[in-house]
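1. no sequence for this one, just the structure:
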């Protein structure tokens, strides 16, 4: 039988919360920045950087060094980018540099909005960024009057996030060798990996 002081010690250990992580999230646009900012994770720094996949990663790596130079360090570093006009070779180069620079990566094909759509349906048919923004999301009462800089999307979709995570995971599992087919894996995204990491600290 446990002694009284042993029980108190065990209770104290159970009540200790996991320490908060500091996230640096570098996105290629305002859409992603607005979404992740709305998670309200106070220990996150989210910045939008211009450029294609490889340019984004280079800028993010340089930004990380500048922050480290003034003593601002993070536990998790992420880059968030889309297929856009990037070739498979360009995407592979970006991912290689990201991992060498200590970054995780979240990729979407054709664009970040596929993550939004996955909150509603497990879409398997190839689509375009234009179709997502002007047809799939605004119609059927999903996100009325959707546009790229619409604020409050996170709150609107939060209750459906578990579905989005499930749909995103399933699509990747169904795509053999997904990582090496990112340029043609339309639709797909692994944004759920970043969302799950942030959720741990909310």
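-> Perfect, I can see it now. Being a predicted model, the structure only gives us computed values, none of them experimental. Residues are numbered from 1 along each chain as shown.

2. Now the phi/psi pair for residue 105, please.
-> With angles defined as degrees, to the nearest 10, residue 105 sits at phi -140, psi 150.

3. what's the spacing between it and residue 92?
-> 11 Å (C-beta to C-beta, to the nearest Å). All C-beta spots, glycine's among them, are computed from the backbone N, C-alpha and C.

4. More neighbours: the two, which one.
-> residue 105 (22 against 17; other C-beta atoms under 10 Å).

5. Beta-bridge partners for that one, please?
-> residue 79 (DSSP bridges).

6. ok, so what distance separates it from residue 81?
-> Note on residue 105: its distance to residue 81, by C-beta to C-beta, is 7 Å.

7. Now do the shared contacts for these two.
-> Taking C-beta atoms under 8 Å, 6 or more residues apart in numbering as the criterion, residue 105 and residue 81 both touch residue 94.

8. burial measure for residue 22, as a count.
-> Residue 22, neighbours per other C-beta under 10 Å, totals 17.

9. Show the contacting residues for it.
-> Listed by C-beta under 8 Å, 6+ apart, the contact partners of residue 22 are 43-45, 73-76.

10. rerun at 10 Å
-> The contact partners of residue 22, by C-beta atoms under 10 Å, 6 or more residues apart in numbering, come to 41-45, 72-77, 201.

11. What segments of this protein are helices?
-> Listed in chain order, the helices of the chain (DSSP state H) span 4-15, 30-37, 53-69, 88-100, 113-117, 129-131, 153-157, 161-174, 191-199.

12. out of these, nearest to residue 140?
-> With C-beta to C-beta as the criterion, residue 140 lies closest to helix 113-117 of the helices of the chain, at 10.4 Å.

13. elements contacting the closest one?
-> If you count contacts as 3 or more C-beta pairs under 10 Å, 6 or more residues apart in numbering; DSSP states H and E, helix 113-117 packs onto helix 30-37, strand 76-82, strand 104-109, helix 129-131, helix 153-157, helix 161-174, strand 188-189, helix 191-199.

14. Remind me what the third one packs against, helices and strands.
-> Yep, that's strand 104-109 we're talking about. Counting contacts by 3+ C-beta pairs under 10 Å, 6+ apart, strand 104-109 is packed against strand 23-27, helix 30-37, helix 53-69, strand 76-82, helix 88-100, helix 113-117, strand 188-189, helix 191-199.

15. I'd like to know which of these is closest to residue 133.
-> helix 113-117 (5.9 Å).

16. Can you give the distance of that closest one from its chain's centre?
-> Centroid separation for helix 113-117 versus its chain: 11 Å, with C-alpha atoms, centre = their mean, to the nearest Å.

17. OK, contacts around the nearest residue to residue 53 once chain neighbours are set aside?
-> Spatially, and ignoring its direct neighbours in sequence, residue 53 is nearest to residue 94 (3.8 Å; C-beta to C-beta, 6 or more residues apart in numbering). Contacts for residue 94 (C-beta under 10 Å, 6+ apart) come out as 52-58, 60, 79, 81, 86, 103, 105, 107, 182.
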